[in-house]
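Engineer: only geometry, no sequence info:
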């Protein structure tokens, strides 16, 4: 039985090929899960952990999808259950989003609103460039209120940077080799 997943992770794009990872948690007694990508067939399962205290096994699948001239849908199955993901056209930035708890700090609060998916709908409108925040359109790159949380073009492609907390900002500064930014008042 699949307990969680697949949770997809974008691993980057090199040579017009999208890297994708899928994380899956199953019952430890179950057989190795099978993730099959329509364009590739079955992918290799790697067991990351056996969690005896929960009776679970954690699995990872990595695969690569070639980009084409137009955005396309990639069908895949996990233990026979169908799903799909979108791969953007060559030269087009990926459109990614993450949200937790649908915007509610307490599930009881969901009962007090008419449209429980209002935040998802707003994010879709922002993503499509239809809606604005304080008159500004955002389109398909960044988070509308948290920086950095967006795509940046580099010398050899695109990278998604997300450092939403001070501790992650400090880790990012170290990772990019720019310790001078720690004391820069513009980023305080």
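Structural biologist: That came through fine. Since the model is a prediction, treat every value here as computed from it, not as a measurement.
Engineer: Could I get the pLDDT score of the residue nearest to residue 42 when sequence neighbours are not counted?
Structural biologist: For residue 42, ignoring the flanking residues on the chain, the nearest one in space by Cβ to Cβ, 6 or more residues apart in numbering is residue 36 at 4.7 Å. No exception for glycine: its C-beta is placed from N, CA and C like everyone else's. You'll see residue 36 listed with a pLDDT of 94.
Engineer: Pretty sure residue 36 sits in a strand.
Structural biologist: Yes: checked against DSSP: H, G, I helix; E, B strand; the rest coil, residue 36 lies within a strand.
Engineer: Report the contact partners of it.
Structural biologist: By Cβ atoms under 8 Å, 6 or more residues apart in numbering, the contact list for residue 36 reads 42-43, 76-77.
Engineer: Identify the bridge partners of it.
Structural biologist: residue 42, residue 77 (DSSP bridges).
Engineer: thinking again about what came up before, of the contacts of residue 36, closest to residue 118?
Structural biologist: residue 76 (29.8 Å; Cβ to Cβ).
Engineer: pull the longest strand from this protein.
Structural biologist: If you go by DSSP state E, the chain has its longest strand at strand 2-14.
Engineer: Can you name every helix or strand that the helix or strand just after that one contacts?
Structural biologist: Next along the chain after strand 2-14, taking DSSP states H and E as the criterion, comes strand 17-27. Other elements packing on strand 17-27 under the criterion 3 or more Cβ pairs under 8 Å, 6 or more residues apart in numbering; DSSP states H and E are strand 2-14, strand 56-66.
Engineer: picking that back up, so what secondary structure elements neighbour the longest strand of the chain?
Structural biologist: strand 17-27, strand 56-66, strand 72-78, strand 81-87, strand 157-162.
Engineer: hang on, the earlier thing: and the contacts of residue 36 as TSV, adding neighbour count and distance to residue 66?
Structural biologist: Formatted as TSV, those follow (neighbours: other Cβ atoms under 10 Å; distance: Cβ to Cβ, whole Å):
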residue	neighbour count	distance to residue 66
42	12	18
43	18	15
76	23	15
77	15	19
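Engineer: could you measure residue 36 against residue 63, distance?
Structural biologist: Going from residue 36 to residue 63 by Cβ to Cβ, to the nearest Å gives 10 Å.
Engineer: now residue 181
Structural biologist: 36 Å.
Engineer: Settle it for me: which of these two has more neighbours?
Structural biologist: Using other Cβ atoms under 10 Å, the more surrounded residue of residue 181 and residue 63 is residue 63, with 21 against 14.
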